[in-house]
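J.: Sequence plus the predicted model coming up.
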Amino acid sequence: GIADILAPFAKDCLSPPETRVLYPIYAIMANLPSLGGEEGEDILLKSGGFEFLIDSLYSKDPGAQYYAVAGVSNMSHNVKAVTMVKDRKAQKQLESLLDSNNRHIINFAIKALENVTEVQGAFD
């Protein structure tokens, strides 16, 4: 899947400013849930793209973090996605993004944390 192709770029393997070459791919993945509906969500989950977004929450590149947290936020109503966030212990990283200097990252992190907590509570 897409995750296999992009895996070398996740986390610390590709550092800023080189990560900006991936911004178009990040933008597509972050917006698939909004623009593609359930089909877009399924593509993101089945391709491994959502795992890539979760891994990218830890990037040192604020642009990569922005797209990653936007995508996680856009998927945070989806039970499978929330389970992946929980299993990968990404809630702690979402909480750390609340200290970002970028208000958009903060807003997406707030939304993601609220939705993840709500969805988790409904199924725990």
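T.: Arrived safely. Remember, predicted model here, so these are calculated numbers, not experimental data.

J.: Check which residues of stretch 81-88 are buried.
T.: A81, V82, M84, V85 (16 or more other CB atoms under 10 Å). For the C-beta atoms, the positions are set from N, CA and C on the backbone; glycine is no exception.

J.: For the last one, what is the enclosing helix or strand?
T.: It stands for V85. Per DSSP states H and E: V85 is located in helix 79-87.

J.: How about K92?
T.: helix 91-96.

J.: Identify each buried residue in that helix, please.
T.: Those would be Q91, Q93, L94, for helix 91-96 by 16+ other CB under 10 Å.

J.: before we move on, what about stretch 49-63?
T.: Applying 16+ other CB under 10 Å to stretch 49-63 flags 49-59, 61, 63 as buried.

J.: With respect to L32, which of those residues is nearest?
T.: Within the buried residues of stretch 49-63, the smallest distance to L32 is 7.5 Å, found for G49 (CB to CB).

J.: how far away is the closest one from G40?
T.: Noted for G49: a distance of 10 Å to G40, by CB to CB, to the nearest Å.

J.: One more: T117?
T.: Following CB to CB, the distance that separates T117 from G40 is 24 Å.

J.: Specify which residue of these two has the higher count of neighbours.
T.: Applying other CB atoms under 10 Å to T117 and G40 shows that G40 carries more neighbours, namely 18 against 13.

J.: quick one: the more buried one and M29 touch, right?
T.: No. Taking contacts as CB atoms under 8 Å, G40 lies outside contact range of M29: 9.5 Å.

J.: thought V69 was touching N107?
T.: No. Taking contacts as CB under 8 Å, V69 lies outside contact range of N107: 9.0 Å.

J.: higher neighbour count, those two?
T.: Set side by side, V69 and N107 show more neighbours around V69, with 30 against 15, by other CB under 10 Å.
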